[in-house]
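*Asks:* just a sequence and a predicted model for now, questions to come.
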Protein chains: 4
Amino acid sequence: MGWWTLRAASGALLVSLAITLPTASAQDWLSPEKRCPSPYGADDERGAANLQTAESIAAAAKLIRDGKMYELGKVLDRNIPMSPGRSFVLNLQRTSGPNGRNQQGGNEETVFTELGQMGTQFDGLAHQQLGPHLYNCVEAEKVARRGGFTKLGVEKAGSFFARGVLLDIAALKGVDMLPDDYMITVADLEAAMKQANVEVRKGDAVLIRTGWGRLWTVDNARFIKGEPGIGLEAAEFLVKRNVMMVGADNWAVEVRPYPDKDLFLPVHGYLLNANGVYLIENLDLEALAHDKAFEFAFIMEPLKLRGGTGSSVAPIAVR
Amino acid sequence: MGWWTLRAASGALLVSLAITLPTASAQDWLSPEKRCPSPYGADDERGAANLQTAESIAAAAKLIRDGKMYELGKVLDRNIPMSPGRSFVLNLQRTSGPNGRNQQGGNEETVFTELGQMGTQFDGLAHQQLGPHLYNCVEAEKVARRGGFTKLGVEKAGSFFARGVLLDIAALKGVDMLPDDYMITVADLEAAMKQANVEVRKGDAVLIRTGWGRLWTVDNARFIKGEPGIGLEAAEFLVKRNVMMVGADNWAVEVRPYPDKDLFLPVHGYLLNANGVYLIENLDLEALAHDKAFEFAFIMEPLKLRGGTGSSVAPIAVR
Amino acid sequence: MGWWTLRAASGALLVSLAITLPTASAQDWLSPEKRCPSPYGADDERGAANLQTAESIAAAAKLIRDGKMYELGKVLDRNIPMSPGRSFVLNLQRTSGPNGRNQQGGNEETVFTELGQMGTQFDGLAHQQLGPHLYNCVEAEKVARRGGFTKLGVEKAGSFFARGVLLDIAALKGVDMLPDDYMITVADLEAAMKQANVEVRKGDAVLIRTGWGRLWTVDNARFIKGEPGIGLEAAEFLVKRNVMMVGADNWAVEVRPYPDKDLFLPVHGYLLNANGVYLIENLDLEALAHDKAFEFAFIMEPLKLRGGTGSSVAPIAVR
Amino acid sequence: MGWWTLRAASGALLVSLAITLPTASAQDWLSPEKRCPSPYGADDERGAANLQTAESIAAAAKLIRDGKMYELGKVLDRNIPMSPGRSFVLNLQRTSGPNGRNQQGGNEETVFTELGQMGTQFDGLAHQQLGPHLYNCVEAEKVARRGGFTKLGVEKAGSFFARGVLLDIAALKGVDMLPDDYMITVADLEAAMKQANVEVRKGDAVLIRTGWGRLWTVDNARFIKGEPGIGLEAAEFLVKRNVMMVGADNWAVEVRPYPDKDLFLPVHGYLLNANGVYLIENLDLEALAHDKAFEFAFIMEPLKLRGGTGSSVAPIAVR
């Protein structure tokens, strides 16, 4: 376990990580004894968010030179792809009025949706289980309440301001879109890094482009049915570099269905549960790819849903 | 009207504003003829968001030196203050599992709420009406659909990365909290600027601290009943300086009830409808105030609710 | 206008209607002056529900001889036909447990839907407007609140126990299903009455079978696109006989689209607004038709949604 | 086990029960072996609803003499008592219009609520568990889906038309309301039967008045905190008489908290799970009590929520 100073209660990050953290390997992750306690401490509820420090933020800010901003979040409406059983319903609500000499009128909207897991979305540490366990071997049964988790809620993760790196695998392969069930390899990641002339470093937000996002609202059925993405080997490669989060332009980051039929969404469990590394799904990476913007400041502000499993987000890249 | 180049469709901002924009004065705002078309064009749907440029973003990024981040968003749960008729309901949803050798299990949450107007919130250009009109004299009836507005939806506003300025009126007055119905004056703003040694500039996010946020979840009834805040004079002072948005640690930015009983939420109409200047409500400004952090990068990523009137947000300040 | 005694506040019906009520004719219904006040009084909020009396209930009960019950309500789930913009979402909610020696566990469900207008549904007197007016020329603007109507809410209608009559137009025509845009004529109603050897009387619930219900969950798109049903002439025929409500196995009772293109859902307005006659939609009339059950006790218990426009219902016929 | 004919698929009830069914006694109910399979068959999903037959319906209809109807359902709005974590939110929705020469306008409402367990409510056979088991020892895990139970859903119960009996325990004791934690005894039931000169018979809906309903919307906190009601002895007394359902004017039928602290909601489990006897909660029994109406036709039409645990209802009594 590495050494570091603790995060102050105020939300200001004082953590300093001088050495690389040991991480749960792809061999160890199914064993609670080997993956727990988290290297961030047995009581930790923030996982790799601990890698974010004032220093890392200041360094990421220095990547902003021209001030060009890229919107990485998809627009939310009822026509976007969603897993069976999920919903997105927005109803405009005209509130009372006209009032006063200014004839004031108010409008708002009610929304019913799986807010933690809708559209471009940030997966928090209570989203997935390995057997009975959330991240850090917290027993789900002990912390699950109807109104949210009493531990590991997304409000604990905080906001993110990190170095972002784009690994454009679709461009590397010279295709618009990777094949439906393509599993991105370690060699692919290395080649993309080389082609982009970027390294993956501790605390990074690594964004992987598969081209799958082109199906968004164009062919939702195919978009959801399966997807190209990373497997456990590529995930371990990133974990060993101590990234803070992994995002992609598909709906689960990882290849679906998983080639090893005995495993179900294993990259989710390996990253979130075993290593506290966050996921971001359904990113819009087209403009970044178009500009060959491989390194940037990545900023994401999840809604602070108390006890939530994640948050719909609208992150940005700036450089 | 000033001159500027148009925003490119890609989302990259190419606007360059060489001169100060004429703005709707507090005398003119109730007249559609005088406040419309918007100085940003008769078809504009983004209001003061047009003030954000690559240059302004790059300049704001330069305010980040130490990398200290401040979370300005409140945690969302069913116990927060909300106007009568609004709701926030989160229900944890255990999705199917365990699956596979990894015994994968999934959790998510359904949320029912007025998502555009809940908790720390960003008010968009379809939120308020002056008579039949939204911002830029768009007739609400023509663009209101059950599932959202076809014009002026919050997804058009985009994300924000701006210079932020804190005007701490409570500290200026030497109180924890301004009195319930205190209307902040132009002199107050000027004194706070002077005390903080900051100017308010074009494109800024101006955050006004009243101390009212101390009542949050402590005395919700009092929090909602009324509040100290700015009036039309202070709003005009800010508009003349071409600010992009005005935020506060109360629920409506403006003083409530308004001293002129013939006017209802007039600062909302004056800022949003007449000038396209955005509002942010229920900010947590305590840590900024504690650190006397008066100038910073302000970053906010509203959810892209198609046709929405606003968005619950979790903005950050970084310096 | 006829004479009658007033309904007691307790909910017990004391109304006695000795003569046939004058009704708004198909010529008069668009004129507020001619259709208002309602024959049930200028303050009436119950319309034709006033036709239900202790005598009419006792008479309807006498139609029950064998005790055979017919379920006329469709099952509610997310796959049923619904108009664009509507939703039905049910999420199972496991509540806390196990508790005690008995290891008690509880289950429930959250439901988000347009509850007044979903599935087999009862249309109340606040559902439709003719210009600014609800039934009895109540101005909608004056009684519409975000949380419901302050007048004419479905909770005022009460429950129904009436003589029910089936007019099986599909069987009359010898088809499984009437053509998509077939408008049922007065002659059709008369022929069906004759064939069934039943009369339509004051206070009746008249159920019209088109066969359209066969498309339910089989071809939802076609089901919703249009439908065979009654027009104004047939509606007037029923109104003149002082029926209490008109139901059908389609989604709007009336033919859609309406042959007179200048009129939109006119039978709704004519029945609900001009005459206070209720509608029931999406009934399952197959078993009644199979048994040639043309006369029966019809019982319907709308949910008492305060200020609601209607209610999803599961009515029964018993004979 | 008794003998009977099976219910026809059409919904018409052909069951004939010539002898009294053996029932799970209060000694046996915690043992799956002793309470299962249900006397209605190992595959049964309807429990005591099987007691309803054409004969029983015809007999109940004969109790209607004067046609006087009693509304037993409470009005639903956001101010009614509800257990922590539950919600009721109705938002009026103005749909598009005005359309056509008739200037048609439409109104409806979205509702978010725990629809199976809100207001006056019918508890179905998937509502409660004894350990892993629903009624008839169905394993909840095997039939619980996000969108509802695949077995034992409330849509299987059907509608009810039964002999209803009022046992007015509050009147028996000469009080407006029984004490907060009063457990109704077998002697109470017998005395109430004697005073009312009614017997409890097979297939009955037995409605027990505690007076607790007087607190409804008057003192919601006290209403929910505890309640007078029946215990296991009284429940067994009713089960032995083969009643179909037990209702009350409190929120759980049974005394709360339960005097035996080792048991949690035991009457729920004993009636629903062990005997398939249904519960109805939050009934309005005041008018029945006022009229000393002890025997009547009881009619209830639960919404057919596929896979639901129950339904908000608005039952009626008629005599």
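*Replies:* Noted; the coordinates are in hand.

*Asks:* can you give me the offset of the longest strand along chain A from its chain's centre?
*Replies:* Counting residues, the longest strand in chain A under DSSP state E turns out to be strand A:88-99. Strand A:88-99 sits 32 Å away from the centroid of its parent chain (C-alpha atoms, centre = their mean, to the nearest Å).

*Asks:* got it, and stretch A:51-70?
*Replies:* Relative to its chain's centre, stretch A:51-70 lies at 18 Å (C-alpha atoms, centre = their mean).

*Asks:* tell me the mean pLDDT over it?
*Replies:* Here stretch A:51-70 scores 98 as its mean pLDDT.

*Asks:* tell me if I'm right that A:Gly211 and A:Val175 touch.
*Replies:* Yes: if you go by C-beta atoms under 8 Å, A:Gly211 and A:Val175 touch, sitting 6.5 Å apart. All C-beta atoms are positioned from the backbone trio N, CA, C, and that covers glycine.

*Asks:* one step back: so which bits of the longest strand of chain A are buried?
*Replies:* By 16 or more other C-beta atoms under 10 Å in any protein chain shown, the buried positions in strand A:88-99 come out as A:88-95, A:97.

*Asks:* near chain C, from those residues?
*Replies:* The subset of the buried residues of strand A:88-99 lying close to chain C, counting by C-beta under 8 Å from any C-beta of the partner chain, consists of A:89, A:91, A:93, A:95.

*Asks:* around chain D, which positions in chain A sit nearby?
*Replies:* Near chain D, when you scan chain A using C-beta under 8 Å from any C-beta, you find A:85, A:89, A:91, A:93-94, A:110, A:112, A:146-147.

*Asks:* now the two most distant members of the residues you listed.
*Replies:* A:Arg94 and A:Arg146 (31.6 Å; C-beta to C-beta).

*Asks:* coming back round to it: direction included, what does the longest strand of chain A pair up with?
*Replies:* Strands that pair with strand A:88-99, judged by DSSP bridges, come out as strand A:104-113 (antiparallel).

*Asks:* can you tell me the average pLDDT over the strand it pairs with?
*Replies:* 97.

*Asks:* so how many other residues sit close to A:His290?
*Replies:* 11 (other C-beta atoms under 10 Å in any protein chain shown).

*Asks:* before we move on, the earlier item: just send the buried residues of strand A:88-99 back as TSV, with pLDDT and distance to A:Asn136 too.
*Replies:* Putting these into TSV (pLDDT from 0 to 100; distance: C-beta to C-beta, whole Å) gives the following:
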residue	pLDDT	distance to A:Asn136
A:Phe88	98	31
A:Val89	98	35
A:Leu90	98	35
A:Asn91	97	39
A:Leu92	96	42
A:Gln93	92	40
A:Arg94	87	46
A:Thr95	86	43
A:Gly97	84	50
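
*Asks:* now, which of those sits nearest chain C?
*Replies:* A:Val89 (4.7 Å; C-beta to the nearest C-beta).

*Asks:* gap between the closest one and B:Val89?
*Replies:* The gap separating A:Val89 from B:Val89 is 14 Å, by C-beta to C-beta, to the nearest Å.

*Asks:* got any residues that touch both of these two?
*Replies:* Shared contacts of A:Val89 and B:Val89, defined by C-beta atoms under 8 Å, 6 or more residues apart in numbering or on different chains, are absent.

*Asks:* correct me, but A:Val198 touches A:Glu295?
*Replies:* Yes: A:Val198 lies in contact with A:Glu295 (C-beta under 8 Å); the separation is 5.2 Å.

*Asks:* any shared contact partners between these two?
*Replies:* When C-beta under 8 Å, 6+ apart defines a contact, the residues bordering A:Val198 and A:Glu295 alike are A:165-166.

*Asks:* can you pull out the strands in the stretch 201-319 of chain A?
*Replies:* Per DSSP state E, counting those that start in this stretch, the stretch 201-319 of chain A carries strands over the ranges A:205-209, A:229-230, A:245-248, A:278-281, A:295-300, A:310-312, A:316-318.

*Asks:* wait, which of these is closest to D:Pro32?
*Replies:* Nearest to D:Pro32, of all the strands of the stretch 201-319 of chain A, is strand A:310-312, at 38.6 Å by C-beta to C-beta.

*Asks:* what about that closest one, distance to the chain center?
*Replies:* Using C-alpha atoms, centre = their mean, the distance between the centre of strand A:310-312 and that of its chain works out at 9 Å.

*Asks:* flag the shaky bits of chain A, pLDDT-wise.
*Replies:* For chain A, the stretches with pLDDT under 70 are A:1-22.

*Asks:* mind redoing it with 90?
*Replies:* Counting by pLDDT under 90, the ranges of chain A that qualify are A:1-27, A:94-97.

*Asks:* hmm, what's the outermost residue in it?
*Replies:* Distance from the centre of chain A peaks at A:Arg101, with 48.0 Å (C-alpha atoms, centre = their mean).

*Asks:* in contact with that residue, which residues?
*Replies:* By C-beta under 8 Å, 6+ apart, A:Arg101 lies in contact with B:30, B:262-263.

*Asks:* also near chain A: which of these, exactly?
*Replies:* Restricting the contacts of A:Arg101 to those touching chain A (C-beta under 8 Å from any C-beta) yields B:30, B:262-263.

*Asks:* A:Gln104 pairs with what?
*Replies:* Partner residues in beta bridges with A:Gln104, using DSSP bridges, are A:Asn99, B:Leu130.

*Asks:* contacting residues around it?
*Replies:* Residues near A:Gln104 by C-beta under 8 Å, 6+ apart: A:97-98, B:128-130, B:264-266, B:268-269.

*Asks:* out of the residues you listed, which is nearest to C:Ala317?
*Replies:* Using C-beta to C-beta, these come closest to C:Ala317 at A:Gly97, 46.0 Å.

*Asks:* dump the residue contacts of that closest one.
*Replies:* Contacts of A:Gly97 were listed using C-beta under 8 Å, 6+ apart, and they are A:103-106, B:129, B:264.

*Asks:* quick one: which of those residues is nearest to chain C?
*Replies:* Chain C lies nearest to A:Gly106 out of the contacts of A:Gly97, by C-beta to the nearest C-beta, at 10.4 Å.

*Asks:* for A:Glu233, which non-adjacent residue is spatially closest?
*Replies:* The spatial neighbour of A:Glu233 that comes closest, neighbours along the chain excluded (C-beta to C-beta, 6 or more residues apart in numbering or on different chains), is A:Val186 at 5.3 Å.

*Asks:* what sits against that neighbour?
*Replies:* A:Val186 makes contact with A:233-234, A:237, according to C-beta under 8 Å, 6+ apart.

*Asks:* most neighbours among those, which one?
*Replies:* Of all those, A:Ala234 has the most neighbours under the rule other C-beta under 10 Å, reaching 26 neighbours.

*Asks:* distance of it relative to chain C?
*Replies:* 34 Å (C-beta to the nearest C-beta, to the nearest Å).

*Asks:* and the gap between that residue and C:Glu55?
*Replies:* Look at A:Ala234 and C:Glu55: by C-beta to C-beta, they are 79 Å apart.

*Asks:* cool, A:Thr23 as well?
*Replies:* 81 Å.

*Asks:* any idea what the closest residue to A:Ala144 other than its chain neighbours is bridged to?
*Replies:* Excluding its sequence neighbours, the residue lying closest to A:Ala144 (C-beta to C-beta, 6+ apart) is B:Leu92, at 6.0 Å. When assigned by DSSP bridges, B:Leu92 has beta-bridge partners B:Glu109.

*Asks:* show me what contacts B:Leu92?
*Replies:* Counted by C-beta under 8 Å, 6+ apart, B:Leu92 has contacts A:144-149, A:307, A:309, B:107-109.
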